[in-house]
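Engineer: sequence first, then the predicted structure, then my questions.
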Amino acid sequence: MILQEKYNDYQIILASNSPRRKQFLTDLGLNFTIKPANVNEEYPSHLKGKDIALYIAQQKASVFNNLDKNELIITCDTIVWIDDVALGKPENSDDAKQMLQQLSGKTHEVISAVCIKSNQKEHLFYDVTEVTFNTLNSLDIDYYVDTFKPFDKAGSYGIQEWIGLIGIEKINGSYTNVVGMPMEKLYNELMKW
């Protein structure tokens with residue numbers, strides 16, 4: 001693979017515990033290790049939309065200082081943006097159900113920001129996908145949250161799960177972005193790096 005050959009001499013570090021992001025990088029054919037960036041994901045209250053995701057992705061990258069010349073960090077943050085409010089990961093089952101009720105019958109934006117960082121430079125970029133949900137009834141919401149426990153997902157849902165099959169009317173933009181990392185953009189940015 002072209003990308004794998006280009007980064008053969010690099011030690012790529014994915015600063016995320018997300019199994020979906022791990023699978024994406026594996027599918028790209030990259031060799032990498034996982035070192036989660038444990039940061040407080042709070043952000044200044046004046047930030048809106050993409051600026052929230054960009055801020056948190058950069059905060060995650062800032063944990064990694066004194067990188068070796070062949071180390072490359074990849075961080076990512078995904079938010080759901082609806083009605084001028086950012087939905088992150090739910091705190092519990094009730095919070096997850098409330099988020100899904102808020103998304104029901106509406107269009108929202110999924111915004112993922114990525115930071116690539118070496119010992120010489122840092123590059124931030126983002127992607128936005130519009131997602132439209134059908135109207136969800138409380139039985140569907142309860143079943144999904146109780147069965148799939150989407151507590152590690154922004155907006156309390158995974159498009160690749162049952163809720164995506166029955167609840168999403170349409171998307172406008174990158175599918176992988178909604179899953180948790182805009183792979184088309186990441187691939188292009190890594191090719192240009």
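Structural biologist: On my side now, so go ahead.

Engineer: Ile171 against Val131, yeah?
Structural biologist: Yes. In this structure Ile171 lies within contact range of Val131 using Cβ atoms under 8 Å: 5.1 Å. Placement of C-beta: from N, CA and C, glycine included.

Engineer: which strands and helices lie in contact with the strand or helix carrying Lys97?
Structural biologist: Take DSSP states H and E as the rule and Lys97 turns out to sit in helix 93-103. Packing contacts for helix 93-103, counted by 3 or more Cβ pairs under 8 Å, 6 or more residues apart in numbering; DSSP states H and E, involve strand 71-82, strand 85-87, helix 138-148.

Engineer: nearest to Tyr175, out of those?
Structural biologist: Proximity to Tyr175, assessed across those by Cβ to Cβ, is greatest for strand 71-82 (13.2 Å).

Engineer: and the closest one, what does it pack onto?
Structural biologist: Packing partners of strand 71-82 (3+ Cβ pairs under 8 Å, 6+ apart): strand 11-14, helix 50-62, strand 85-87, helix 93-103, strand 107-117.

Engineer: neighbouring strands for it, and are they parallel or not?
Structural biologist: Next to strand 71-82 in the sheet, as set by DSSP bridges, lie strand 11-14 (parallel), strand 85-87 (antiparallel), strand 107-117 (antiparallel).

Engineer: distance to Phe24, mean neighbour count and mean pLDDT for these - can I get that in TSV?
Structural biologist: What follows is the strands paired with strand 71-82, written out as TSV (distance: least, Cβ to Cβ, whole Å; neighbours: other Cβ atoms under 10 Å; pLDDT from 0 to 100):
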stretch	distance to Phe24	mean neighbour count	mean pLDDT
strand 11-14	9	19	96
strand 85-87	22	18	95
strand 107-117	11	23	98
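
Engineer: one step back: which parts of the helix holding Lys97 are buried?
Structural biologist: Residues of helix 93-103 classed as buried: 95-100, 102-103 (neighbour count, 16 or more other Cβ atoms under 10 Å).

Engineer: tally of neighbours for the nearest residue to Glu161 once chain neighbours are set aside?
Structural biologist: Sequence neighbours aside, Phe148 is the residue nearest to Glu161 in space, at 5.3 Å (criterion: Cβ to Cβ, 6 or more residues apart in numbering). Counted with other Cβ atoms under 10 Å, the neighbours of Phe148 add up to 16.

Engineer: so Phe148 versus Leu100, what's the distance?
Structural biologist: Separation of Phe148 from Leu100 (Cβ to Cβ, to the nearest Å) stands at 11 Å.

Engineer: shared neighbours, these two?
Structural biologist: Shared contacts of Phe148 and Leu100 (Cβ atoms under 8 Å, 6 or more residues apart in numbering): Ile163.

Engineer: check contacts around Met183.
Structural biologist: By Cβ under 8 Å, 6+ apart, the contact set of Met183 is 24, 28, 174, 176-177.

Engineer: kindly apply the preceding question to Phe133 instead.
Structural biologist: By Cβ under 8 Å, 6+ apart, the contact set of Phe133 is 103-108, 167-169.

Engineer: brilliant, that's me finished.
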